[in-house]
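**Student:** Sequence and predicted structure are below.
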Amino acid sequence: METIANDIEIIKIQAVSNYKVISMNLEGITHEESMIFPNGDANCMNWILGHMIYIRNAFLNILGEESVWDNEKFSAYNRGEIPLNRKDELINFEELKSYLKDSQDKLESAFNKLEKIDHENVNDLAILSFHEAYHSGQIGYLRRILGKPGVIK
C-alpha cells in the first residue's frame, strides 16, 4: 500500500511543481507576446501552453476526469500541428491561462481522490509528466527571448 501512495504522491508533486513553474513564467506575458514565433518559425508561447493543456486532457482522462476542453475544437494545439500555419486558430492567452488553471484544479482534485494508480497507467503518467516538464522549460526560455527576466532563481 505504501508504494501506491508514493506513486500517487510523486506524480502529484510533479504536476504541482510544473504548474508553479509554468505559472511563474507566464506572469507579465501579453497575448501579443505569446504569439511571437522566435526565428520566424519556432513555436510561440501561446501554442506551447495550449499544447500542454491539450496533452493535460489525456492526463485527466487517465485519472478518470473530463477534459477541460473539446480537443477537436482546439486541434491546432495537437502534437504534430504546425502552429505558424494555424496561428489564426490560437486563442487569447488569458483564456489559455484560465484553461491551465482549470486543468490544475481538476488534476489536484483527481489526485486527492485517487487511491491507486493502475499499473498499466504508470508509464503513461510518467511520460505525460516528463512532457510537461520539457515544455515548461521551453516556456522559461521563451520568456527570456521575449526580454523578460527569468523567474527561477
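**Tutor:** Nice, thanks for sending it over. Numbers count the residues shown, from 1 in each chain.
**Student:** Where in the protein is the helix or strand with the lowest mean pLDDT?
**Tutor:** When the helices and strands of the chain are scored by mean pLDDT, DSSP states H and E, helix 2-26 comes last with a mean of 86.
**Student:** what helix or strand is the spatially most central residue of the chain on?
**Tutor:** By C-alpha atoms, centre = their mean, the chain has its centre lying nearest to residue 52, at 3.1 Å. According to DSSP states H and E, residue 52 maps onto helix 45-62.
**Student:** ok, now how distant is the residue nearest to the centre of the chain from residue 134?
**Tutor:** Distance, residue 52 to residue 134, by C-beta to C-beta, to the nearest Å: 10 Å. Heads up, the C-betas are built off the backbone N, CA and C, glycines and all.
**Student:** Hey, what's the angle from the longest helix along the chain to helix 2-26? Just curious.
**Tutor:** In the chain, assigned by DSSP state H, the helix with the most residues is helix 119-145. Orientation check (axes from the mean of the first three to the mean of the last three C-alpha atoms, to 10 degrees): helix 119-145 against helix 2-26 gives 20 degrees.
**Student:** what about helix 119-145, distance to the chain center?
**Tutor:** With C-alpha atoms, centre = their mean, to the nearest Å as the basis, helix 119-145 stands 7 Å off its chain's centre.
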